[in-house]
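Participant: any chance you can model this:
(one chain, ligands or ions: 2)
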Amino acid sequence: MREILPLIRPSLGSTAITLDLDDAVPPLKADPGQIQQIIMNFAINAADAIGGPSGVVTIKTEVTEVDGAYIEQVLAKGQTQPGSYVCLEVHDTGVGMSAETQAKIFDPFFTTNFRAEGWVWPRCPASSGATREC
Ligand SMILES: Nc1ncnc2c1ncn2[C@@H]1O[C@H](COP(=O)(O)OP(=O)(O)OP(=O)(O)O)[C@@H](O)[C@H]1O
Ligand SMILES: [Mg+2]
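Facilitator: Ligands and ions are numbered 1, 2, ... in the order given. Have a look, this model is predicted:
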């Protein structure tokens, strides 16, 4: 996380970013590039939501105990076993998400961001292996 921070900072403009890391978190078996991509996407979303010149994004890690009730309420049932998990949280001081936005967070094409030049269409792989707009 400490190595990722300098890579993310330039993308956040005037939004500050801070770390709240629990040193008790054990090493993870994970793809560092994917973790970096996740943090980068969350942090840019947060900076977009903050919008103005002052705001803070906080990246927090901790070890958390996940029980059956939590799995039932929050996670995909049957795909997660109870136990100790490393928890990664990204907080921001932005406006938050309305219930309507929250309901669409897993829709890959949902956005509320308008760019000055219009919509920015996502890119997806074409059958040739090149990229095309879709
Ligand atoms: N931290 C946040 N605070 C408030 N709203 C958020 C936050 N993160 C995401 N959102 C809302 O969720 C929508 C979808 O986010 P998502 O990252 O999928 O797409 P995007 O940021 O709009 O576009 P892209 O990531 O493709 O540039 C955003 O447009 C925004 O409305
Ligand atoms: Mg985004």
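Participant: okay, and Pro6 sits in which element?
Facilitator: Assigned by DSSP states H and E, Pro6 belongs to helix 5-8.
Participant: which strands and helices sit next to the biggest helix by length in the chain?
Facilitator: Counting residues, the longest helix found in the chain (DSSP state H) is helix 32-50. If contacts are counted by 3 or more Cβ pairs under 8 Å, 6 or more residues apart in numbering; DSSP states H and E, helix 32-50 sits against helix 5-8, strand 56-66, strand 83-92. C-betas here are computed from N, CA, C, even on glycine.
Participant: list the buried residues for the first one?
Facilitator: In this case it means helix 5-8. Going by neighbour count (16 or more other Cβ atoms under 10 Å), the buried part of helix 5-8 is Ile8.
Participant: counting contacts, what elements does that helix pack onto?
Facilitator: Going by 3+ Cβ pairs under 8 Å, 6+ apart, helix 5-8 lies up against strand 16-21, helix 32-50.
Participant: what is the mean pLDDT for the helix holding Pro6?
Facilitator: Per-residue pLDDT over helix 5-8 has a mean of 90.
Participant: list the contacts of the residue positioned nearest the centre of the chain.
Facilitator: The centre of the chain sits closest to Phe42, judged by Cα atoms, centre = their mean, with a distance of 2.9 Å. Neighbouring residues of Phe42 by Cβ atoms under 8 Å, 6 or more residues apart in numbering: 57, 90.
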